[in-house]
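Engineer: 3D model of this:
(chains A, B, C and D)
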4 protein chains.
Amino acid sequence: MALPKKKLQGLVAATVTPMTETGEINFCIIDQYVDYLVNEQGMKNIFVNGSTGEGLSLSVPERRQLAEEWVTKGKNKMDHVIIHVGALSLKDSQELAQHAAEIGADGIAVIAPFFFKPVNKDALIAFLKEVAAAAPEVPFYYYHIPALTGVKIRAEELLDGIQDEIPTFQGLKFSDVDLLDFGQCVDQNSQRQFDLLFGVDEQLLSALAMGATGAVGSTYNYLGKKTNQMLEAFERQDLSLALNYQLYIQRFMNYVIKLGLGVAQTKAIITLVSGIQMGPPRLPLQKASKEFTLHAEAKLKSLESQCFH
Amino acid sequence: MALPKKKLQGLVAATVTPMTETGEINFCIIDQYVDYLVNEQGMKNIFVNGSTGEGLSLSVPERRQLAEEWVTKGKNKMDHVIIHVGALSLKDSQELAQHAAEIGADGIAVIAPFFFKPVNKDALIAFLKEVAAAAPEVPFYYYHIPALTGVKIRAEELLDGIQDEIPTFQGLKFSDVDLLDFGQCVDQNSQRQFDLLFGVDEQLLSALAMGATGAVGSTYNYLGKKTNQMLEAFERQDLSLALNYQLYIQRFMNYVIKLGLGVAQTKAIITLVSGIQMGPPRLPLQKASKEFTLHAEAKLKSLESQCFH
Amino acid sequence: MALPKKKLQGLVAATVTPMTETGEINFCIIDQYVDYLVNEQGMKNIFVNGSTGEGLSLSVPERRQLAEEWVTKGKNKMDHVIIHVGALSLKDSQELAQHAAEIGADGIAVIAPFFFKPVNKDALIAFLKEVAAAAPEVPFYYYHIPALTGVKIRAEELLDGIQDEIPTFQGLKFSDVDLLDFGQCVDQNSQRQFDLLFGVDEQLLSALAMGATGAVGSTYNYLGKKTNQMLEAFERQDLSLALNYQLYIQRFMNYVIKLGLGVAQTKAIITLVSGIQMGPPRLPLQKASKEFTLHAEAKLKSLESQCFH
Amino acid sequence: MALPKKKLQGLVAATVTPMTETGEINFCIIDQYVDYLVNEQGMKNIFVNGSTGEGLSLSVPERRQLAEEWVTKGKNKMDHVIIHVGALSLKDSQELAQHAAEIGADGIAVIAPFFFKPVNKDALIAFLKEVAAAAPEVPFYYYHIPALTGVKIRAEELLDGIQDEIPTFQGLKFSDVDLLDFGQCVDQNSQRQFDLLFGVDEQLLSALAMGATGAVGSTYNYLGKKTNQMLEAFERQDLSLALNYQLYIQRFMNYVIKLGLGVAQTKAIITLVSGIQMGPPRLPLQKASKEFTLHAEAKLKSLESQCFH
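Structural biologist: Residues are numbered from 1 along each chain as shown, chains lettered A, B, ... in the order given. Alright, predicted model coming up:
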């Protein structure tokens, strides 16, 4: 297989899917969105058609077209464009994986199937393997998010021997708070052969201390710059400053989580911060309330005027 | 809208999807399967492409083709062929609903979207309404299965006023053990305008006592005849005999549930009883073990030799 | 062992513990409460110091004194006074069991310990056995309520062979909606040697159809008479009338459950219906709101004026 | 109120309760146990009668006697002897709090009541306040462990304004993996007026990065020394070494958790490491299997021979 052009480092923004008021994908905004992520948030990597991107609410033809748009517009601007190709139907997932390979994606990611749930590691691996085999040259990431999928197979068990089954395996998006499991993944990764990307943005610092090599998340669409500052402080071993950045980020996250944070609300916040109209989500999600947006805006402003203590 | 040709009565078999050893749909068995259900199990209604049918593991083109096969082969043999058209993507669901109308299905059913979950009744209704509108002449059923979907909006609340929103609404597949909720659906149905179909086969008798008008389930593929006898005893108000039938059925269900009953195992049991090769399931499900099949077979035989006490 | 003086039949009211405004037990009301239950609600059996009775919020000396009061005041008026003696500490439970024997209780009941949870049937039986052995002449009931305790050991498995381990075992308070499990208990009880008392009042009819021999619950404090009418209709095999009673009862229960029904609210309703001041609950429970009581009262009145349809 | 004699720092060992083979408390071992903790594990603080100590499986008289023994034997050897006085019954909890004050405990801790669960912050505070008031001179700790109690009131919300209600409030044992909640507690503690003690031993490093001021746990009975080395590395900002210690500790924890780690198994491990016979647990817990002990012993030996990579 071809190696990734360069090592995936730092933050990966999980993109939303811009939509029109009638719920159709708004392709023509993608270019502008890429530039915003690069220039305003310092992002070099994106994760497309994932849960933040409402990937599972899109039809297969829509997912193909959208993936293509991101790869085209990200070219020469992004280091890594990773396409999420997970689906409940193995056939759909294989089709999307093959397509991602054809359009030159830098990686593919797959969530565990979650209607029928794999009953053990072997069943999960069997499913993932069939998808990975449809894109035999593309780095493969497993998207571990047990709270959403109900698939509680531990990541550290999955990792054990996975490259024998899936030669393209390149790493994890680990969206869980079980840092024993995460630590035991780190423990297996002493050659740093895998990317162990943490996916619970509001407590990223805890995972950095535990050995995370990067992070994937939706908040990097609007708190990417601030989070990069946290990463730099951590790299310099200035833990106190890193903690100050983390607590600052948490103040906003804690506030909006209590108001009810979902993909619709994430779209509203990005629209607020970027000035790009991300539009409403598709059903069954419903547009963020005007009240949410006003509160989120006021909180952002109030935080910007704070100094770190 | 056109009214259903006749009132849906009694049992509805949730069909499995026959597959070849390589996981492709085995269309040519459908005809034989229909005859078996009618002749051996006394079934007059089927529920196609639902969870038992691995509907969500099939691609949209597969679901269309399979629905068509069932409608064609069921014609003049079945009273009601109901097509499950639920999907995570509203677009997919709409396409399937429109197709079901075109091929002359007797009803469509929709599970609540369960990746992004509707946060309240309004969001759920909004989603269902869009699907129903794609088949404006076809009776619409909501498939309520909170343990699988995590969507806990009570059915009795959903029912309240639903025909104002969804004029084609015809009833529920109620797959839950909350018989307060179910009873309050019955209480709203005093004109018996809706079909309130219970979906937890192993305790159907409890729901009949609470006013169920029928039932949908996978076990009617192999215990349909026995369950029809229970229904007849209940109709005659012979509760003691009805209970004997229910306990008999439970003895088998309790046994195979402990062995691990899923769609793969259901396929194995139907194969056993019908002699028709239903094949393995598709990934992420895995074929029933030989051991399971042997144990299930032995249990069936041992039960057949029992008298009712 | 001594046999129960007579077979436990029909309904068992789970009593609340009357308290003063300062949260002390109001012993002097017990006598009046017994008369109310007998005369106004037609109750012949009570279940004391259970969850409805805030048994686990009382100290061991309080539980002893209260049990004694109920046994004394219930004498010659009640057929069965069952004392709940379950506790997190085996020592406490044994002390209470022995005391119940000394005061002449007609039965003892034990909830599964739920802080440390028994990991399997053997561990649960070992615990229950030690308690039962402290009252070797007193009929023993297991109080199965998995949603509250998190102890999910199936009742039908527990029942299998239990009298070899616990010779005084007399039956179950089955407070769960898994009627496969319940039915399989019924199936083991063909000699009707056990009392299988259902504990989810709002769906009692479903359990009667499944073979329940009686019921224990808090609502029989105020809906006892109406529920007895349902039982009589069921006995006469008049299922349609029985269902009408059940739906009538559900209308009230569904309403107050949505308002937030707990022990505090149950005390308020009993006070309303009986005219006896049951007082507030003890912390961590908090007094029912005035609003709750007004709404419950209005609903009761509105239901009384309804005819059965 | 009297201030704590000195600031609580570093690790707090949650002690087990030594028992004889017949399940009685083995008081005469306590002295030896204290010396072991001080000399072999470097512990200066203990948390007594908590969940590790089977506090809720003991009767109130037993808890009093045991608390007294620990305070007496810990005098001049331990900096802080904290007595857990939580109970389902407020009366019991108050009695234990008052007793802890009388015997000169350095702090009391209270778990949220978990049979009836406080429905909101106010109900929880009302309960805690009544307990704290029974020991008005003793530093008070709230024991936050939502996975065990089901009480999901966020710690950061509880902390907000708590000293107005509970003047003796001194801090938290935070036994949860939600580090957003924990971080927001840290954010409120900029004066470091509270002790924020983390309680998930196997991922302590993640909480140190997030601002934990110390830790309480059962593993410090046998991995206290090693964990102290991790704390020292962290203090020196040697994150890489601290991570190596954490991963080393995790290797053992991960292994025994998979074998089934509970209080019984913790007693077996401490017996192994200390040579002091901690005995079996009390029912409903059951003695660790011989197999568990052998495997744990072999794993400890194998780890001791490893170098840090």
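Engineer: do the helix or strand hosting A:L124 and chain B meet?
Structural biologist: Element membership for A:L124 (DSSP states H and E) is helix A:121-132. Yes: applying Cβ under 8 Å from any Cβ of the partner chain, one finds helix A:121-132 touching chain B at A:122-124, A:126-127, A:130. For the C-beta atoms, the positions are set from N, CA and C on the backbone; glycine is no exception.
Engineer: helices or strands next to the helix or strand following that helix in the packing?
Structural biologist: Next helix or strand after helix A:121-132 toward the C-terminus (DSSP H and E): strand A:140-144. Counting contacts by 3 or more Cβ pairs under 8 Å, 6 or more residues apart in numbering or on different chains; DSSP states H and E, strand A:140-144 packs against strand A:107-111, helix A:121-132, helix A:155-159, strand A:169-174.
Engineer: let me know which of those is the nearest to C:A134.
Structural biologist: Smallest distance to C:A134 across these (Cβ to Cβ): 45.0 Å, for helix A:155-159.
Engineer: what about the closest one, near chain B?
Structural biologist: No: counting by Cβ under 8 Å from any Cβ, chain B is not contacted by helix A:155-159; separation bottoms out at 13.6 Å.
Engineer: what's the answer for stretch A:274-286, then?
Structural biologist: Yes: Stretch A:274-286 comes into contact with chain B (Cβ under 8 Å from any Cβ), by way of A:281-286.
Engineer: distance-wise, check A:Q32 relative to A:E40.
Structural biologist: Using Cβ to Cβ, to the nearest Å, we find A:Q32 at a distance of 11 Å from A:E40.
Engineer: in chain A, which residue sits nearest chain C?
Structural biologist: In chain A, the residue that lies nearest chain C is A:K152 (16.7 Å; Cβ to the nearest Cβ).
Engineer: quick check: that residue is in a strand.
Structural biologist: No: applying DSSP: H, G, I helix; E, B strand; the rest coil, one finds A:K152 to be coil, outside a strand.
Engineer: for stretch A:240-248, which positions count as buried?
Structural biologist: Across stretch A:240-248, burial judged by 16 or more other Cβ atoms under 10 Å in any protein chain shown covers A:241-248.
Engineer: now it: average pLDDT?
Structural biologist: Here stretch A:240-248 scores 98 as its mean pLDDT.
Engineer: C-alpha coordinates for that stretch, CSV please?
Structural biologist: C-alpha atoms of stretch A:240-248 as CSV (Å, rounded to 0.1, in the frame of the first residue of the first chain):
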residue,chain,number,x,y,z
SER,A,240,-0.3,25.3,33.7
LEU,A,241,-0.9,27.3,30.6
ALA,A,242,-2.3,24.3,28.7
LEU,A,243,-4.7,23.8,31.6
ASN,A,244,-5.7,27.5,31.4
TYR,A,245,-6.5,27.0,27.7
GLN,A,246,-8.4,23.8,28.4
LEU,A,247,-10.5,25.4,31.1
TYR,A,248,-11.2,28.4,28.8
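Engineer: and the angle from the helix or strand containing A:V71 to strand A:107-111?
Structural biologist: Assessed by DSSP H and E, A:V71 sits inside helix A:60-74. Going by axes from the mean of the first three to the mean of the last three Cα atoms, to 10 degrees, helix A:60-74 is angled at 140 degrees with respect to strand A:107-111.
Engineer: next structured bit after helix A:60-74?
Structural biologist: Using DSSP H and E, the first helix or strand after helix A:60-74 is strand A:80-84.
Engineer: now do the contacts for A:P113.
Structural biologist: A:86-88, A:90, A:127, A:149, A:151, B:57, B:283-284 (Cβ atoms under 8 Å, 6 or more residues apart in numbering or on different chains).
Engineer: one more time with 7 Å, if that's ok
Structural biologist: A:88, A:127, B:284 (Cβ atoms under 7 Å, 6 or more residues apart in numbering or on different chains).
Engineer: name the SS class of it, please.
Structural biologist: coil.
Engineer: equivalent analysis for the one 5 residues further on, please.
Structural biologist: Per three-state DSSP, the secondary structure class of A:P118 is coil.
Engineer: so in chain A, which helix runs the longest?
Structural biologist: helix A:239-260 (DSSP state H).
Engineer: for chain A, what lies in contact range of chain B?
Structural biologist: Residues of chain A found near chain B (Cβ under 7 Å from any Cβ of the partner chain) are A:56-59, A:88-92, A:113, A:115-116, A:118, A:123-124, A:126-127, A:130, A:263, A:282-286.
Engineer: so what sits against both of A:Q32 and A:E40?
Structural biologist: By Cβ under 7 Å, 6+ apart, no residue touches both A:Q32 and A:E40.
Engineer: with adjacent residues omitted, what lies nearest to A:L231?
Structural biologist: A:G10 (6.2 Å; Cβ to Cβ, 6 or more residues apart in numbering or on different chains).
Engineer: please verify my assumption that the one you found contacts A:M230.
Structural biologist: No: at 10.9 Å, A:G10 and A:M230 do not qualify as touching, with contact defined as Cβ atoms under 7 Å.
Engineer: looking at those two, which is more packed in?
Structural biologist: More neighbours surround A:M230 than the other of A:G10 and A:M230, with 23 against 20 (other Cβ atoms under 10 Å in any protein chain shown).
Engineer: got the contact list for that one?
Structural biologist: A:M230 sits next to A:205, A:242, A:245-246 when contact means Cβ under 7 Å, 6+ apart.
Engineer: helix or strand for it, which one?
Structural biologist: Per DSSP H and E, A:M230 falls inside helix A:220-235.
Engineer: mind listing what's buried in that helix?
Structural biologist: Across helix A:220-235, burial judged by 16+ other Cβ under 10 Å covers A:220-224, A:226-231, A:233-234.
Engineer: CA atoms only: put that helix into PDB for me.
Structural biologist: In PDB, the C-alpha atoms belonging to helix A:220-235 read as follows (Å, rounded to 0.1, in the frame of the first residue of the first chain):
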ATOM      1  CA  TYR A 220     -12.000  22.700  15.900                       C
ATOM      2  CA  ASN A 221     -14.200  24.400  13.300                       C
ATOM      3  CA  TYR A 222     -14.500  27.400  15.700                       C
ATOM      4  CA  LEU A 223     -12.000  26.700  18.600                       C
ATOM      5  CA  GLY A 224      -9.300  25.300  16.400                       C
ATOM      6  CA  LYS A 225      -6.900  28.200  16.900                       C
ATOM      7  CA  LYS A 226      -7.400  28.200  20.700                       C
ATOM      8  CA  THR A 227      -6.900  24.500  20.800                       C
ATOM      9  CA  ASN A 228      -3.800  24.700  18.800                       C
ATOM     10  CA  GLN A 229      -2.400  27.100  21.400                       C
ATOM     11  CA  MET A 230      -3.200  24.500  24.000                       C
ATOM     12  CA  LEU A 231      -1.300  21.900  22.000                       C
ATOM     13  CA  GLU A 232       1.700  24.200  21.700                       C
ATOM     14  CA  ALA A 233       1.700  24.900  25.500                       C
ATOM     15  CA  PHE A 234       1.500  21.200  26.100                       C
ATOM     16  CA  GLU A 235       4.400  20.500  23.700                       C
END
